[in-house]
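A.B. asks: I'll drop the sequence and a predicted model, then ask my questions.
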Amino acid sequence: MIFKYAPIDRWRKHVTRSLLEVVSQIIVISLLLYINQEVGAVLVYAAIFTIGISIFRVMYYMNMPQRDYVRMYERYMMIHRGIMDPRKKVAYEDIAKLSKVEGVFSISIKGDDNEEIYPDRLTEADFNLLRNELESKTGLRIIEREEETVV
């Protein structure tokens, strides 16, 4: 079972911010060329690097709704953690506790490790289906709390 990222406004905001970074870099280089009739090589390379990263981010966030957030298999699940982090593989038998605290769904794994799933990145129907699947595959009930208590 595959749960994809929800098409939410957060991804559009990231795309807009990255596009503004590209435009601002182009404007800065253009103004420097207009005022000084030249731009230092270091500044050009830094601007090209920044523009490249921003374009990469635009492409990454534009395609978020097509990416798999959680993949559930027969014996384990895999959770997408971001651009640079690989997917986290979590075996159902290693899950010690399931809890939802302040909008974060936390999976406690044996050995003091935690993985978090953010429900706001899924559609409500997908999150409810994910909860039901996890409860049935692990045999654990989800503990819901308003806030985490610090001990």
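C.D. replies: On my side now, so go ahead. Numbering: from 1, shown residues only.

A.B. asks: can you give the distance of stretch 11-28 from its chain's centre?
C.D. replies: Centroid separation for stretch 11-28 versus its chain: 19 Å, with Cα atoms, centre = their mean, to the nearest Å.

A.B. asks: residues of it that come out buried?
C.D. replies: Neighbour-count burial for stretch 11-28 flags 11, 14, 15, 18, 21, 22, 25 (criterion: 16 or more other Cβ atoms under 10 Å). For the C-beta atoms, the positions are set from N, CA and C on the backbone; glycine is no exception.

A.B. asks: just the closest of those to residue 136, please.
C.D. replies: Proximity of the buried residues of stretch 11-28 to residue 136 was ranked by Cβ to Cβ; the top entry is residue 11 with 30.3 Å.

A.B. asks: that older thread, in helices only, show me the buried residues of stretch 11-28.
C.D. replies: 11, 14, 15, 18, 21, 22, 25 (DSSP state H).

A.B. asks: would you mind giving these as a markdown table with distance to residue 138 and pLDDT added?
C.D. replies: Listed next are these as a markdown table, based on distance: Cβ to Cβ, whole Å; pLDDT from 0 to 100:
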| residue | distance to residue 138 | pLDDT |
| --- | --- | --- |
| 11 | 30 | 90 |
| 14 | 33 | 91 |
| 15 | 36 | 92 |
| 18 | 38 | 91 |
| 21 | 42 | 89 |
| 22 | 45 | 90 |
| 25 | 48 | 86 |
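
A.B. asks: circling back to that earlier point, any chance of the buried residues of stretch 11-28 in a markdown table, plus distance to residue 69?
C.D. replies: Below are the buried residues of stretch 11-28 laid out as a markdown table (distance: Cβ to Cβ, whole Å):
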| residue | distance to residue 69 |
| --- | --- |
| 11 | 12 |
| 14 | 15 |
| 15 | 18 |
| 18 | 20 |
| 21 | 25 |
| 22 | 27 |
| 25 | 31 |
